[in-house]
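Undergrad: Just need the structure, nothing else, for what follows:
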Amino acid sequence: MDFIYEKINVMVEKLKSLSTLEKSTVEYEFAECPEYKKDNTPPDENAKWKQASLYERFYGIDTHYWIRFNIKTGSKINNAEPRLTVKTGREGQWDSQNPQFTVFINGETTQALDTNHTWIPLEFDKEYSVYMYLYTGMLGGDFGVDISLDIVDLKIESLYYDIYVPFECMKLLNCDSSDYITIKKHLDKALLLLDLREFYSDDFYKSVDKSLLYLKNKFYEKECDGDKKPVVNCVGHTHIDVAYMWTVMQTREKTQRSFSTVLNLMKRYNDYIFMSSQPQLYQYVKENDPELYEKIKKRIKENRWEAEGAMWLEADTNLVSGESLIRQIIYGKRFMKEEFGTDNKILWLPDVFGYSAALPQILKKSGISQFFTTKLNWNETNYLPDDVFLWEGIDGSTVYANLIRNYIGHINPDKVKKYWDDFKNKDLMDESLMTFGFGDGGGGPTYEMLENHKRLKYGIPGMPRTVIKKASEHFDYSEKMFYENTKEYNRPRWVGEMYLELHRGTYTSMAKNKRYNRKSELLYQKAEELSVSDMVLLNNPYPEKELRENQLNILLNQFHDIIPGSSIKPVYEVTDKEYEKIIDNGNSIKERAVQSLLSSVNTKGGIFVYNQSPFTVSDYIELDGKTYYAKEIPAHGWKVIKDIKSPEKIKTSDKIIENNLIKVTFNDKYHIVSVFDKEIQREIIKEGFEANVLEAYEDYPKRYDAWEISSYYKQKKWIIDNVKEVKVTDTGIKIVREYQKSLITQNITLKPDSKRIDFNTVVDWKEDHILLKAAFPTDIHSVNASYDIQFGHIERPTHTNTSWDRAKFEVCAHKWADLSEDNYGVSILSDCKYGYNVEKNVMKISLIKCATYPNPDADKELHTFTYSLYPHTGNLVNSSVIKEGYLLNMPLEAYKTEEQNGCLSDEFSIVSSNSDTVVVETIKKAEDDSSIIVRLYEAMNKKEKASVTMGFDFKEAYLCDLTENNIKKIQNEGRKISFDIGNFEILTFKFIV
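TA: Predicted coordinates:
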């Protein structure tokens, strides 16, 4: 046994206990608060204030109380400090769901108290009026609130940390190492100088001074190395989920509490620097506590507080559209610039569930050159080989990426050493990155962490040295070292998506919420382009304020625990109402523009058909219960149909749907047994197999219920073949199936002149722990399948050769997934689903996943969605898959017109591309002036010489970045501009009108 080690261990605890000189109980009153506070004003005397008893208990989930009391501190004691201490008995637990307090002292927001921050420093000879706003948390049960006024001896506490920190370092070292021996020797000598015969006597304090001086002179200044390497760069941080196990309303409070704690600690530690992302959180503080917000702005000016991160909030990047990602960045960067004068360069996404391969280009073209995450260290099977690397997207763009092990680090010897030891690229640089601070309402960095840093920054033997600095400073240093110490041939690089081998259920959980998001994204793109037409053609005002307010709500609900379906039920009760309002407002904006344009069209009457999609479209429309054929409706425009013809009939019978191109045959269970392409005489379905088979899989993942699909889900499935009703319709077959307590209704339809088979589905779902999929065993052979993502597509294997391949047993896609040979292929299209898997020749789409945690009623509701099977000649590049995906999601819209004289043509396109592979995605008014923004991309991974033609006159055209800064002027030929575009490249043009 090492007796010196044991002695140090005992003495450390003794010093800790000796540091508290006095502790006196504080009596208080409390009042229940029935709802969230509207401001920082406590209740008046009319509230039912009660005197707390000695054993008072507090109860409730998501409940609030006010607590109040007055205290007076005593006369000054040298080298001591009075502290207001509050404990609930929940200390040491995960703070985000436990009791938390916002403390107002003498009318000012002072600090938060929680299970990690239990005291506030006061001053001697002062009187304090204290109000505390108590949030009970989400765990339920009861707890006490013990309040005391403590007097702490700062010298003894300092000696405690001076010994405790190197002792904790010593524990991590080999006991035979010279560093271990050095630390132990000096701690032993320091303790030998202590005189503990009479605590708090003159001799005792003299011995404390001697011990402190010895450690300073002989250990910290002589044995330690303040310039040593390696270094762990520590960034103060608190990761706050905008919603999760709490609602957005509670996030407002969590932000106020956490930020007030940061500011109060900054008064004590001059080298403490804090970083926080998410303008949404700053906006909440600005609205709820303007005085606190001004203090934050002051610290930002002083370079003590770093506002970085680039996005409006830390959004999911798998599920949201490309335009949504850009708006997250536009509004995020603009807020930081306008409010704080900072130009964000880092995309800060520590906790998002995988990263789209479209991101590098979006970042690069938004002035963001660096990317930060930790989440990929959660992978179940495979780990990225590097922590610093170039991340290359689908177009070849790269950004510098830094991956660390966790986003809730602590500055203590164990964690600091672990962060350096785990860093994979020590050959490239001798500094690694660590964020420190409790998240989700845990208040961020603590007094203890900052005291630990005061010692670790000296460079204790055998340990990395800590430096607190801004995230941007670390990234700039790290990127510089990365390039200096690598060449092109050996430079670490990751190409394509950064797939998270976990949380695969988030592509499907809370399906209605995902549908709302898709419909809202598309609706507001439509409202924008119609409003642009109304503005440039008729000189009507653009509804900028309305559009932005609603778009910010869409962005809010794209937070990485809302749209993935991993929040509690009350979160979705709110988002359901918000989305209904968003959609109502969007429809109102759209209809105003449509009616304005419609009333100005010169026409002899007919049907006004609007086409939101980027392609010229011929399709069937419904109006007033009748179906009509709309021929060659221009992209992003309209046409008044005068020669209206009814559609050709679809041949339907009990077991067959057939048009001039395709024949679909069902068996007695009404599964599809044949999809025959009449045009080229080819069968689509694998012989002997059934398609559109609804498969119910048992879904009990090993953890993270709503988040996860575990690979063993495939072991147990049931085929849903209980047919309750069949009805032949004019366009197909209606099939009603029962499964347990649930009802699934599908209208399977064809249109003339189309190979697309639509499965219009309504599900009244009442089950738990079932993953519902639709399966299509095709007669297609390919080792890769293609998947639609933002501004392009990616390929993923259909085999399981490697552990990386096997891990991708459920993947994310947007409007389609395609399996193609060289001359033929099949796609599954969707209007709101995101989870797919293609194994060999079998294509599957995930429809419903019904977890019971954290929402016990997840997905037990009415679902409405459409997916389609689309066989096509040619491979993906030579097919119309992309066009069909857009058309399913952006169907034509029709309005009746009467004969009228108008100033607008009866056929019009606001912008059209000369190439089907150059897709015009967005048409909007510029953020800063009345210019028109057109955003487009190359969709088939090839270089092109392309052009777009505008439907209006313009003075000048500019190529600009995604945040609408001009890059160069573009020459025009009348209303047309021509340009070169690269593989999957996104281009944004600004037209001055």
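Undergrad: partner strands of the strand ranked longest in the chain, parallel or antiparallel?
TA: The longest strand of the chain (DSSP state E) is strand 862-873. Each strand that pairs with strand 862-873, with its direction, by DSSP bridges: strand 757-764 (antiparallel), strand 824-830 (antiparallel).
Undergrad: Please state the offset of it from the chain centre?
TA: 27 Å (C-alpha atoms, centre = their mean, to the nearest Å).
Undergrad: Give me the angle between the next helix or strand along the chain from it and strand 757-764.
TA: Counting by DSSP states H and E, the element after strand 862-873 in chain order, helix or strand, is helix 881-889. Interaxial angle, helix 881-889 versus strand 757-764 (axes from the mean of the first three to the mean of the last three C-alpha atoms, to 10 degrees): 40 degrees.
Undergrad: helices and strands around helix 881-889, which ones?
TA: Judged by 3 or more C-beta pairs under 8 Å, 6 or more residues apart in numbering; DSSP states H and E, the packing partners of helix 881-889 are strand 617-623, strand 816-820, strand 824-830, strand 862-873. Glycine gets a C-beta too; all of them are placed from N, C-alpha and C.
Undergrad: Can you lay out those strands as CSV showing mean neighbour count, distance to residue 585 and mean pLDDT?
TA: Listed next are those as CSV, based on neighbours: other C-beta atoms under 10 Å; distance: least, C-beta to C-beta, whole Å; pLDDT from 0 to 100:
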stretch, mean neighbour count, distance to residue 585, mean pLDDT
strand 617-623, 17, 24, 94
strand 816-820, 26, 29, 99
strand 824-830, 26, 26, 99
strand 862-873, 20, 21, 99
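Undergrad: Any chance of JSON lines for those strands, columns distance to residue 721?
TA: Conversion of these to JSON lines gives the following (distance: least, C-beta to C-beta, whole Å):
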{"stretch": "strand 617-623", "distance to residue 721": "31"}
{"stretch": "strand 816-820", "distance to residue 721": "24"}
{"stretch": "strand 824-830", "distance to residue 721": "20"}
{"stretch": "strand 862-873", "distance to residue 721": "19"}
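Undergrad: Ok, which of these comes nearest residue 540?
TA: With C-beta to C-beta as the measure, strand 617-623 is the member of those nearest residue 540 (25.5 Å).
Undergrad: remind me which residues of this protein are low pLDDT?
TA: Residue ranges of the chain with pLDDT under 70: 1, 94-96.
Undergrad: Would you map out the domains in this protein?
TA: According to automatic domain parsing, the chain comprises the domains 11-155, 231-498, 506-600, 603-647+892-905, 651-878, 910-993.
Undergrad: now the strands paired with strand 862-873 in JSON lines, with distance to residue 480?
TA: Listed next are the strands paired with strand 862-873 as JSON lines, based on distance: least, C-beta to C-beta, whole Å:
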{"stretch": "strand 757-764", "distance to residue 480": "54"}
{"stretch": "strand 824-830", "distance to residue 480": "45"}
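Undergrad: OK, contacts around residue 507?
TA: 318-319, 564, 810-812, 834-835, 846 (C-beta atoms under 8 Å, 6 or more residues apart in numbering).
Undergrad: Show me which helix runs longest in the chain.
TA: helix 569-598 (DSSP state H).
Undergrad: name the helices or strands packed onto that helix?
TA: In terms of contacts (3+ C-beta pairs under 8 Å, 6+ apart), helix 569-598 is packed against helix 511-538, helix 544-556, strand 893-900.
Undergrad: repeat that with 6 Å
TA: helix 511-538, helix 544-556 (3 or more C-beta pairs under 6 Å, 6 or more residues apart in numbering; DSSP states H and E).
Undergrad: For residue 49, find the nearest of those.
TA: Nearest of the helices and strands packed on helix 569-598 (C-beta to C-beta): helix 544-556, 36.4 Å.
Undergrad: buried sites along the closest one?
TA: Buried residues in helix 544-556, defined by neighbour count with 16 or more other C-beta atoms under 10 Å: 544, 546-547, 550-556.
Undergrad: Save these as a markdown table, and put in distance to residue 9 too.
TA: What follows is these, written out as a markdown table (distance: C-beta to C-beta, whole Å):
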| residue | distance to residue 9 |
| --- | --- |
| 544 | 65 |
| 546 | 65 |
| 547 | 64 |
| 550 | 60 |
| 551 | 58 |
| 552 | 54 |
| 553 | 55 |
| 554 | 56 |
| 555 | 52 |
| 556 | 50 |
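Undergrad: quick revisit: need the contact partners of the longest strand of the chain.
TA: Strand 862-873 is contacted from outside by 511, 677, 684, 755-764, 824-827, 829-832, 845, 879, 884, 888, using C-beta atoms under 6 Å, 6 or more residues apart in numbering.
Undergrad: partner residues bridging the residue nearest the centre of the chain?
TA: Centroid check for the chain by C-alpha atoms, centre = their mean gives residue 315 as the closest residue, at 2.5 Å. Assessed by DSSP bridges, residue 315 has beta-bridge partners residue 559.
Undergrad: Of the helices and strands packed on helix 881-889, which is nearest residue 910?
TA: strand 617-623 (14.9 Å).
Undergrad: Could you list the paired strands of that closest one along with their orientation?
TA: strand 626-633 (antiparallel).
Undergrad: Which parts of the strand it pairs with count as buried, going by neighbours?
TA: Within strand 626-633, the residues scored as buried using 16+ other C-beta under 10 Å are 628-630, 633.
Undergrad: Stretch 240-259 now?
TA: Neighbour counts over stretch 240-259 (16+ other C-beta under 10 Å) mark 240-248, 250-259 as buried.
Undergrad: returning to that earlier point: quick check: which of the domains of the chain is nearest to residue 209?
TA: domain 11-155 (7.5 Å).
Undergrad: All the helices of the stretch 301-450 of the chain, residue numbers only.
TA: Using DSSP state H, counting those that start in this stretch, the helices of the stretch 301-450 of the chain run over 322-340, 359-364, 413-422, 447-456.
Undergrad: I'd like the ones you listed written out as JSON lines, with distance to residue 779 and mean neighbour count added.
TA: JSON lines is the format used below for the helices of the stretch 301-450 of the chain (distance: least, C-beta to C-beta, whole Å; neighbours: other C-beta atoms under 10 Å):
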{"stretch": "helix 322-340", "distance to residue 779": "33", "mean neighbour count": "21"}
{"stretch": "helix 359-364", "distance to residue 779": "36", "mean neighbour count": "24"}
{"stretch": "helix 413-422", "distance to residue 779": "48", "mean neighbour count": "19"}
{"stretch": "helix 447-456", "distance to residue 779": "61", "mean neighbour count": "21"}
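Undergrad: Tell me which of these sits nearest to residue 793.
TA: Of all the helices of the stretch 301-450 of the chain, it is helix 322-340 that lies closest to residue 793, at 11.8 Å by C-beta to C-beta.
Undergrad: now that closest one and helix 511-538, what's the angle there?
TA: 80 degrees.
Undergrad: how close does the nearest residue to residue 602 once chain neighbours are set aside get to residue 944?
TA: Excluding the flanking residues, the one nearest residue 602 by C-beta to C-beta, 6 or more residues apart in numbering is residue 902, at 4.1 Å. Residue 902 is 36 Å from residue 944, where distance means C-beta to C-beta, to the nearest Å.
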